[in-house]
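In: no letters, just coordinates:
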């Protein structure tokens with residue numbers, strides 16, 4: 001049974017992704033900043049008859065928490081097959097750069113960008129022990145420069161500029177890390193769930209969490225070694 005770690009998995013898209021992957025016979029570790037929230041998520045899954053899950057306390061923005069989580073997971077598994085960097089925060093409003101708060105931008109980047117980097121690098125040795133590991137960075141269309149500059153773009157989402165900028169940076173990390181890991185067999189890709197109704201957007205998204213998790217699950221179960229340094233959505237690729 002392959003092992004998966006999903007950060008920010010005690011609720012929302014992360015939780016639903018964990019549920020779907022566990023039902024596909026993966027063993028899923030649900031990363032959660034709070035122990036009680038993580039255990040509650042496990043309880044809910046157990047009530048659904050899903051037992052191939054466990055919680056892992058980890059705050060991706062805290063390097064000491066990340067290191068402790070890695071040390072704990074090393075006592076439970078010999079290799080990590082898939083890392084899904086899902087943990088993210090939306091940040092406070094307003095987020096336009098003219099009127100926004102630089103400290104708010106730092107907080108968003110600490111979780112959405114630096115957090116993903118910290119946990120990836122810390123867990124990389126465990127990923128290298130897998131025969132064919134995969135790193136999946138959960139991104140967003142608002143992080144796509146191509147879509148942001150396209151004619152007829154949806155400017156209503158410009159209020160998520162800090163969040164969008166952090167996802168643009170995450171996409172750059174995806175490509176650069178994929179290139180660095182070319183000879184290791186580890187694939188690195190970005191994926192967007194689409195505009196999904198979660199507490200990240202006050203449940204204003206048009207998609208359900210079940211729908212939002214689908215492209216993440218599809219990418220996680222993809223075994224093609226040539227699929228790396230790419231950006232996906234439900235139905236195909238997303239331009240960078």
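Out: Here it is on my side, so go on. Everything numeric in this text was worked out from a predicted model, so none of it was measured.
In: which residue would you name as the spatial centre of the protein?
Out: Computing the C-alpha centroid of the chain and ranking residues by C-alpha atoms, centre = their mean puts residue 86 first, at 2.0 Å.
In: so that residue touches residue 5, yeah?
Out: No: when contacts are counted by C-beta atoms under 8 Å, residue 86 is not listed as touching residue 5 (9.8 Å). (Each C-beta comes from the backbone N, C-alpha and C, glycine too.)
In: between the two, which contacts overlap?
Out: Both residue 86 and residue 5 lack any common contact, where contact means C-beta atoms under 8 Å, 6 or more residues apart in numbering.
In: next SSE after the least confident helix or strand in the chain by mean pLDDT?
Out: Sorting the helices and strands of the chain by mean pLDDT, DSSP states H and E puts helix 145-148 at the bottom, at a mean of 91. Sequence-wise, the next helix or strand downstream of helix 145-148 (DSSP states H and E) is helix 161-180.
In: now the strands for this structure?
Out: Remark: strands assigned in the chain by DSSP state E are 3-6, 27-32, 53-57, 82-85, 134-138, 187-191, 231-233, 236-237.
In: of those strands, give the one that comes closest to residue 159.
Out: strand 134-138 (20.1 Å; C-beta to C-beta).
In: all helices for this structure, in order.
Out: 12-23, 35-47, 63-74, 102-109, 115-128, 145-148, 161-180, 209-220 (DSSP state H).
In: which one of these has the lowest average pLDDT?
Out: The weakest mean pLDDT among those belongs to helix 145-148, with a mean of 91.
In: what about the closest residue to residue 112 other than its chain neighbours, how many residues nearby?
Out: Computed as C-beta to C-beta, 6 or more residues apart in numbering, the closest residue to residue 112 that is not its neighbour in sequence is residue 166, at 3.8 Å. Residues near residue 166, counting by other C-beta atoms under 10 Å, number 30.
In: contact partners for residue 166?
Out: Residue 166 neighbours (C-beta under 8 Å, 6+ apart): 88, 108, 109, 112, 113, 143.
In: then residue 112?
Out: By C-beta under 8 Å, 6+ apart, the residues touching residue 112 are 87, 88, 89, 163, 166, 167, 169, 170.
In: of the residues you listed, which is the most crowded?
Out: residue 166 (30 neighbours).
In: roughly how far does that one sit from residue 67?
Out: Using C-beta to C-beta, to the nearest Å, residue 166 is found at 22 Å from residue 67.
In: and what of residue 49?
Out: 34 Å.
In: and for residue 109?
Out: 20 Å.
In: who's the closest spatial neighbour of residue 164, skipping the chain neighbours?
Out: Using C-beta to C-beta, 6+ apart and skipping the chain neighbours, the partner closest in space to residue 164 is residue 142 (3.7 Å).
In: quick one: that neighbour and residue 148 touch, right?
Out: Yes: counting by C-beta under 8 Å, residue 142 touches residue 148, with 7.2 Å between them.
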